[in-house]
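**Student:** fold the following for me, if possible:
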Amino acid sequence: MATLVRDLLTKGLLASHRCPWLRTTNLQLRPFSILTTHKMSEDRIEMFVEPQIQAILKQVTGKNYQRVFRKRKIGQKIREPKYTFMTREQLEQSLEDADQRADKLLQMPPVLRARKPIEKELSFDPQIQGVEKSTIIFTDITMNISDRDRLIVARDPDGTLRHASWEERDKVNSIYYPREGKEFYTPKMFTDPDLLRSVLDRASEQDNTYEFVLDRACLQFEPDDASFISICEKTYQTIDRQQHYDFLKSTRHFGPMVFYLTRTRQMDNLLLYSIKHERVSSDATLLISLFHLLFPDSKSNTVAQKLTNDVDKVRAYIELDAVKRSELELQLNAYEEIIKRRNELTEELEKSHGIEQKN
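**Tutor:** Numbers count the residues shown, from 1 in each chain. As a prediction, this is how the structure comes out:
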């Protein structure tokens, strides 16, 4: 391996880079204090890509065009509206194109396990120990190689030649192949938990900092970076605590949030919110279906397979698997009472309208 590195360096295909920042700057992100969940929830991460789960997550996300194509304060110049006269066929084609653009904007970030540290040593040369005071990075700068597969090795001051760590790879790839939107130094709001907390706590309808933080994390980190996973989970927990679920509705982050809350069995608040806003036949039922896919051995899944009514399926989950059973039961009973009174009022109005017509 050491011979390969020397050959590539000689041919100009490998660039060496002294990195004093590796010893002078602490680039390790401080971990957030996140809720410890059962190990079984980690085993369900791979289920995120299953077609049935993807279909449910897309359906529960929704596709509100006004929200998907809304103007956002992200530093871009707002284009002037353009008005065009169209035939019916042209209008239908434009609507189809808009639907495809919306699907692209709603493409969910992947949900992955945290990557394992790279700790592979290639060789050790004690004769060059102490020659350099900084770690030297050797990088294969061949074009058309993904950042993930690029050969990057490091020579430590003690003479150890090893594969570069994930942190070193991210920094070196940013030097030779910078990516638009990704900063070389990690933004302070991702390294200071108190600052991140203050950003999330000031979220409002006019200033959706939840979406801002999640979008920024997608640009700065790889999806299997432990820092990315920690930041996303911290954001989801804040949204769950504040019950600001609609802040992510019709955005690409709503599906991953629902998947996280469901697989960690923290979905009761979201279910309570859905029932309170009379979304039993839509969001609540989809949540229960997702739960049953992730937990096929749950008690309510066996019962739900014999039921056809959405309210009954939700009630089965509440009685057999819910953590906040009492709160959910009260809210579901209140929902049923509201629907019952609304139906009675509708019937009375229809009867009254019929009498007026006969007279």
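**Student:** ok, Phe138 touching Arg155?
**Tutor:** Yes. Using Cβ atoms under 8 Å, Phe138 is in contact with Arg155, at 7.2 Å. Using the backbone N, CA and C atoms, a C-beta is placed for each residue, glycine as well.
**Student:** any idea how far the closest residue to Leu328 other than its chain neighbours is from Asp240?
**Tutor:** Distances taken as Cβ to Cβ, 6 or more residues apart in numbering place Ile318 nearest to Leu328, at 4.5 Å, with adjacent residues excluded. According to Cβ to Cβ, to the nearest Å, Ile318 and Asp240 sit 18 Å apart.
**Student:** okay, those two: which has more neighbours?
**Tutor:** Remark: of Ile318 and Asp240, Ile318 carries more neighbours, 23 against 20, as counted by other Cβ atoms under 10 Å.
**Student:** surely the more buried one is in a strand?
**Tutor:** No. Membership of Ile318 in a strand is not supported by DSSP: H, G, I helix; E, B strand; the rest coil, which gives helix.
**Student:** list the contacts of it.
**Tutor:** Contacts for Ile318 (Cβ atoms under 8 Å, 6 or more residues apart in numbering) come out as Arg325, Leu328, Glu329, Leu332.
**Student:** then Gly159?
**Tutor:** Residues near Gly159 by Cβ under 8 Å, 6+ apart: Phe124, Asp125, Pro126, Gln127, Ile128, Gln129.
**Student:** distance-wise, check it relative to Leu122.
**Tutor:** Distance, Gly159 to Leu122, using Cβ to Cβ: 12 Å.
**Student:** can you report how many residues neighbour the nearest residue to Val131 once chain neighbours are set aside?
**Tutor:** Residue nearest to Val131 in three dimensions, not counting chain neighbours: Pro157, with 7.8 Å by Cβ to Cβ, 6+ apart. Using other Cβ under 10 Å as the criterion, Pro157 is surrounded by 15 other residues.
**Student:** then Pro187?
**Tutor:** Residues lying near Pro187 (other Cβ under 10 Å) number 15.
**Student:** and for Met171, the neighbour number?
**Tutor:** One thing to correct before we go on: residue 171 is Lys, not Met. Around Lys171 sit 21 other residues, with neighbours defined as other Cβ under 10 Å.
**Student:** same check on Asn208?
**Tutor:** If you count neighbours by other Cβ under 10 Å, Asn208 ends up with 19.
**Student:** wait, it sits on Phe247?
**Tutor:** Yes. Asn208 lies in contact with Phe247 (Cβ under 8 Å); the separation is 5.4 Å.
**Student:** now the common contact residues for these two.
**Tutor:** Common neighbours of Asn208 and Phe247, counting by Cβ under 8 Å, 6+ apart, are absent.
**Student:** quick one on the thing from earlier: so which of the contacts of Ile318 is the most crowded?
**Tutor:** Greatest neighbour count in the contacts of Ile318, by other Cβ under 10 Å, goes to Leu328: 22 neighbours.
**Student:** would you mind measuring from it to Glu319?
**Tutor:** 9 Å.
**Student:** where does Phe190 land in three-state SS?
**Tutor:** Classification of Phe190 by three-state DSSP places it in helix.
**Student:** the closest residue in space to it that isn't next to it in sequence: neighbour count?
**Tutor:** Nearest non-adjacent residue to Phe190, counting by Cβ to Cβ, 6+ apart: Ile231, 6.1 Å away. Using other Cβ under 10 Å, Ile231 has 25 neighbouring residues.
**Student:** and Ile231, what element?
**Tutor:** Using DSSP states H and E, Ile231 falls within helix 226-242.
**Student:** go on, Leu307?
**Tutor:** Using DSSP H and E, Leu307 sits within no helix or strand.
**Student:** burial count for it?
**Tutor:** Other residues near Leu307 come to 14 when the count uses other Cβ under 10 Å.
**Student:** ok, Ile141 - how many residues close by?
**Tutor:** 15.
**Student:** same deal with Glu92?
**Tutor:** With other Cβ under 10 Å as criterion, Glu92 counts 11.
**Student:** separation between it and Met86?
**Tutor:** Separation of Glu92 from Met86 (Cβ to Cβ): 9 Å.
**Student:** how about the helices in the stretch 251-359 of the chain?
**Tutor:** 254-263, 268-276, 285-294, 299-304, 310-320, 325-358 (DSSP state H, counting those that start in this stretch).
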